[in-house]
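**Student:** Quick one, fold the following:
(one chain, ligands or ions: 1)
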Amino acid sequence: MAGPVAAEDQKFCLKEVLDTFKLCLSENKEVYLEHYVAGWRGLVRFLNSLGSVFGFISKDAVKKIQILVAFLNDENGSQYVTIQSMVKYELENELVDLTKCGKYPESGCRTLLRLHRALRWLELFLERLRTSTEDSKTSVMCAEAYNESLAQHHIWMIRKAANLSFCMLPGRPAFFEVMNVGPPEQVLAMLGEAIPLISEVYQITEALYAQHNLLDLP
Ligand SMILES: CCCCCCCCCCCCC/C=C/[C@@H](O)[C@H](COP(=O)(O)O)NC(=O)CCCCCCCCCCCCCCC
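**Tutor:** Residues are numbered from 1 along each chain as shown. As a prediction, the model looks like this:
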């Protein structure tokens, strides 16, 4: 164990997490998998701090993060440096189940697609938070963002469980508090900076997946 203040003890700050998405983009607009995954790790920590009712969500996210980290640390890790190189490598080597689940149920491409779809939820949710007023409800904003995006890819049972769990979200003031960014004005300013970045990472990934016909991977 390093010094007396272990990383886990430091108070969580959402700004730092959203900043990791800044690091995702390379000069020629490729997306670094390492930072993408680090961004998700931070988000999961945030989710965990909101309470154990979200455990079924964070568990699935952690599982997907672990699959991608394993690829990064594998002997072929250099093929997984960016999402672009991952897609190229897995497709060229036929490591992706394209139409139905078969040999590669946990390919990098299909695993990342799940997080990618969740990133769209995040973008929509953060945009609602940014434009919300004091009496707005986080549970409603979250549900609207979810139903507009991720829900379309989920079976009925997951949708049901997700929508139930949203009711347990803290209200807007407490939610802003947990974000630990500062007073509401600062939260809104931070969101104004973070959302375009997240959006850009999303758009680039979306275009890449569309170009290779990967948006419906089983
Ligand atoms: C703040 C409230 C957080 C609400 C999170 C909204 C997303 C709800 C997602 C519900 C997922 C339920 C778990 C199961 C999912 C899987 O079925 C499904 C499909 O996977 P499969 O094809 O391998 O079977 N998996 C997925 O779609 C991936 C879901 C990943 C969700 C990650 C959510 C992280 C949330 C981070 C919250 C951060 C909020 C920050 C706001 C300031």
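**Student:** Just confirm residue 166 contacts residue 144, I think it does.
**Tutor:** No - using Cβ atoms under 8 Å, residue 166 makes no contact with residue 144, being 9.8 Å away. C-beta here means a position set from N, CA and C on the backbone, and glycine is covered the same way.
**Student:** Looking at these two, which is more packed in?
**Tutor:** With neighbours defined as other Cβ atoms under 10 Å, residue 166 and residue 144 compare such that residue 166 has more, 20 against 14.
**Student:** what about residue 192, how many neighbours?
**Tutor:** Counted with other Cβ under 10 Å, the neighbours of residue 192 add up to 12.
**Student:** Please name the nearest non-neighbouring residue to it.
**Tutor:** Leaving aside its sequence neighbours, residue 192 sits nearest to residue 130 (Cβ to Cβ, 6 or more residues apart in numbering; 6.3 Å).
**Student:** Please report the distance of that neighbour from residue 67.
**Tutor:** 31 Å (Cβ to Cβ, to the nearest Å).
**Student:** How about residue 127?
**Tutor:** To residue 67, residue 127 is 29 Å away according to Cβ to Cβ.
**Student:** Equivalent analysis for residue 51, please.
**Tutor:** The gap separating residue 51 from residue 67 is 25 Å, by Cβ to Cβ.
**Student:** Looking only at neighbour counts, state which of those two leads.
**Tutor:** When residue 51 and residue 67 are compared for neighbours, residue 67 comes out ahead with 17 against 12, by other Cβ under 10 Å.
**Student:** picking that back up, do I have it right that the residue nearest to residue 192 meets residue 191?
**Tutor:** Yes - if you go by Cβ under 8 Å, residue 130 and residue 191 touch, sitting 4.1 Å apart.
**Student:** neighbour-wise, which of these two wins?
**Tutor:** Neighbour count, other Cβ under 10 Å: between residue 130 and residue 191, residue 191 has more, with 22 against 15.
**Student:** who's in contact with that one?
**Tutor:** Residue 191 makes contact with 126, 127, 129, 130, according to Cβ atoms under 8 Å, 6 or more residues apart in numbering.
**Student:** what about the first one, which helix or strand?
**Tutor:** Pointing back at residue 126 there. For residue 126, the host element (DSSP states H and E) is helix 108-130.
**Student:** Now find how far off-centre that helix is within its chain.
**Tutor:** Relative to its chain's centre, helix 108-130 lies at 5 Å (Cα atoms, centre = their mean, to the nearest Å).
**Student:** quick one: that helix near the ligand?
**Tutor:** Yes - on the criterion Cβ under 6 Å from any ligand atom, helix 108-130 is in touch with the ligand at 114, 117, 118, 121.
**Student:** What's the local residue count around residue 60?
**Tutor:** Residue 60 sits with 15 neighbouring residues when counted by other Cβ under 10 Å.
**Student:** Quickly check: the biggest helix by length in the chain near the ligand or not.
**Tutor:** Longest helix in the chain, counting residues (DSSP state H): helix 184-211. No - judged by Cβ under 6 Å from any ligand atom, helix 184-211 makes no contact with the ligand; its nearest approach is 8.1 Å.
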